[in-house]
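>>> With the input below, show me the fold.
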Amino acid sequence: MLSGIRVLIVEDEPLVAATLSDVVENAEGEVVGIAHSVSEARQMIRRLSFDTAVLDLNLTDGEVTPVLEALQARKAPTVIYSGGELPARVRERHPELVALRKPVLPGRLVAEILRACRKTT
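Model (predicted):
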């Protein structure tokens with residue numbers, strides 16, 4: 001289903017990051033990197049080639065808003081995968097964002113990644 005789609009994962013919980021990676025790879029996508037912090041994600045956005053990103057809202061070094069802004073500037077389709085609600089200010093600024101609340105079945109996550117990618121083509 002995700003054949004040929006390169007995914008950047010931004011998630012600070014190692015087990016969740018590994019699970020997301022498995023979901024992407026089992027759907028024939030390619031995980032190009034896993035960032036565990038805002039600073040690491042910003043570096044990866046600058047140096048890696050990817051088609052879409054899946055990110056948690058709250059990382060160990062802060063809220064992921066700067067990462068989200070960098071992804072939006074790059075016009076990278078993004079799926080939020082978080083344990084919390086999308087803050088109203090983020091929803092207002094990015095009304096097109098897909099926001100999934102943990103946990104989500106793998107098929108739903110894959111479908112939302114595909115949907116996000118199709119919106120930009």
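
>>> Would you state the strands of the protein in chain order?
Along the chain, the segments classed as strands by DSSP state E run 6-10, 30-35, 52-55, 58-59, 62-63, 78-82, 98-101.

>>> what's the closest of those to Arg118?
strand 52-55 (10.4 Å; CB to CB). Every C-beta, even on glycine, is put in place using the N, C-alpha and C of the backbone.

>>> can you give me the mean pLDDT across the closest one?
Per-residue pLDDT over strand 52-55 has a mean of 96.

>>> Indicate each strand paired with it and its parallel or antiparallel sense.
strand 6-10 (parallel), strand 78-82 (parallel) (DSSP bridges).

>>> right, and Val98 touches Glu112 too?
Yes - using CB atoms under 8 Å, Val98 is in contact with Glu112, at 4.9 Å.

>>> Identify the contacts common to the two.
Counting by CB atoms under 8 Å, 6 or more residues apart in numbering, the contacts common to Val98 and Glu112 are Val79.

>>> As CSV, the strands of the chain with distance to Leu20 and mean neighbour count would be great.
Formatted as CSV, the strands of the chain follow (distance: least, CB to CB, whole Å; neighbours: other CB atoms under 10 Å):
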stretch, distance to Leu20, mean neighbour count
strand 6-10, 5, 25
strand 30-35, 8, 18
strand 52-55, 6, 25
strand 58-59, 14, 17
strand 62-63, 19, 13
strand 78-82, 7, 22
strand 98-101, 11, 16
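
>>> Lovely, talk soon.
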